[in-house]
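Enquirer: coordinates for the following, if possible.
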Amino acid sequence: MKTRAIVLFAHGARDPRWAEPFKKITERLHIALPEEEVRLSYLELMEPSLTDTVSDLVHQGFKEIAIVPLFMAQGGHLREDLPKILAQLREHYPEVEFSQTSAIGDAPELLDAIAQWVINTTRS
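Expert: Model prediction:
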């Protein structure tokens with residue numbers, strides 16, 4: 001049985017097509033990490049919420065949950081909203097070990113990949 005879960009946490013949007021890249025990342029992680037449960041959740045405008053996702057995972061017996069913010073920068077949502085949500089989750093589920101990574105946009109590897117993509121796609 002899987003005991004650790006990764007929750008990808010994205011903003012959400014009114015247009016469901018916005019979520020397609022995040023769904024593709026989730027699918028790739030399912031393949032790359034078959035021993036871990038990988039879920040996608042949203043801050044607003046889309047379902048499931050982070051709270052609903054964590055509730056489901058806890059009820060399935062997960063004791064370690066890593067939250068991975070799929071945000072390009074540490075804006076208000078990551079400095080204010082996410083810490084409040086995590087504090088509530090920790091209070092509600094004290095038996096669960098929660099961890100959080102930095103925003104995906106803080107990763108030098110991602111920034112390098114974006115810069116290289118721009119170089120490759122703008123050269124004739």
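Enquirer: what's in contact with stretch 95-109?
Expert: For stretch 95-109, the external contacting residues (CB atoms under 8 Å, 6 or more residues apart in numbering) are 54, 58, 62-74, 78, 82, 86, 89-90, 110-111. The C-beta positions use only the backbone N, C-alpha and C, and glycine is treated the same way.
Enquirer: chain center to it, what's the gap?
Expert: What separates the centre of stretch 95-109 from the centre of its chain is 8 Å, taken as CA atoms, centre = their mean, to the nearest Å.
Enquirer: and for stretch 111-124?
Expert: Using CA atoms, centre = their mean, the distance between the centre of stretch 111-124 and that of its chain works out at 25 Å.
Enquirer: using PDB, write down the CA coordinates of it.
Expert: As requested, the backbone C-alpha atoms of stretch 111-124 are provided in PDB (Å, rounded to 0.1, in the frame of the first residue of the first chain):
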ATOM      1  CA  LEU A 111      14.000  28.700 -15.300                       C
ATOM      2  CA  ASP A 112      16.800  27.300 -17.400                       C
ATOM      3  CA  ALA A 113      14.400  25.100 -19.400                       C
ATOM      4  CA  ILE A 114      12.100  28.100 -20.100                       C
ATOM      5  CA  ALA A 115      15.100  30.300 -21.100                       C
ATOM      6  CA  GLN A 116      16.300  27.500 -23.400                       C
ATOM      7  CA  TRP A 117      12.800  27.000 -24.900                       C
ATOM      8  CA  VAL A 118      12.700  30.800 -25.700                       C
ATOM      9  CA  ILE A 119      16.100  30.600 -27.400                       C
ATOM     10  CA  ASN A 120      15.100  27.500 -29.400                       C
ATOM     11  CA  THR A 121      11.700  28.800 -30.500                       C
ATOM     12  CA  THR A 122      12.800  32.300 -31.400                       C
ATOM     13  CA  ARG A 123      15.700  31.300 -33.600                       C
ATOM     14  CA  SER A 124      15.000  31.000 -37.300                       C
END
